[in-house]
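Enquirer: Build me a structure from this.
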Amino acid sequence: MRLHSSQVTGSLTVSGSIIPDGSGSWDLGSETHPWKDLHILSSSIKIYSDKEEVGRLQLGTNNELEFFDVRELTATQRRTFTPVQIRANATRKDFRGASSGRADSVIRVGISSVNEIDTSGGNLLLDSAGGTVNVDDNMTVTGTLAAANIVCSCSGLQTGVSG
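Expert: As a prediction, this is how the structure comes out:
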């Protein structure tokens, strides 16, 4: 079927896949006309290089967003694996972000095991941009705690210097 029209007004219902006539040749939306929402079933968003699928975003078991490097999987595995199989067989990757707006100052933050946050830089700065960082449960510090202007309204505070 071919539809030759420059504009469709109203809703368009499609019974089948929408596939461009060439790989990487067409956009969905534009810089000045982006789509408002993307609605997908709880499957995944697949990311491609010019040759193959390289990454996958999907929902985890607790509806958290997961990112996987799927380059080590075969083409058949990438095509047929369920999200559970991707989670078990692909390489989990961390989300990356830049600090201070500099693209060369990337720090990776990821979860390496249950209840643990690791950073590639070895340091973790919690900055609330002028607000307050709250710890609403117990906090244990192994190593040196360097702090200034600590305000504590708590009972049972234990302080000490070992030496």
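Enquirer: what about residue 68, which helix or strand?
Expert: When elements are assigned from DSSP states H and E, residue 68 belongs to strand 65-69.
Enquirer: Which elements pack onto that strand?
Expert: In terms of contacts (3 or more Cβ pairs under 8 Å, 6 or more residues apart in numbering; DSSP states H and E), strand 65-69 is packed against strand 53-59, helix 83-89, strand 91-93. C-betas here are computed from N, CA, C, even on glycine.
Enquirer: winner for burial among the ones you listed?
Expert: strand 53-59 (a mean of 17; mean count of other Cβ atoms under 10 Å).
Enquirer: In its sheet, which strands sit next to it, and in what direction?
Expert: When pairing is defined by DSSP bridges, strand 53-59 lines up against strand 44-48 (antiparallel), strand 65-69 (antiparallel).
Enquirer: can you list contacts of the first one?
Expert: Residues from elsewhere that reach strand 44-48 (Cβ atoms under 8 Å, 6 or more residues apart in numbering): 24, 53, 54, 55, 56, 57, 58, 78, 83, 86.
Enquirer: Closest one to residue 67 out of those residues, please.
Expert: For these, the closest approach to residue 67 (Cβ to Cβ) belongs to residue 57, at 5.6 Å.
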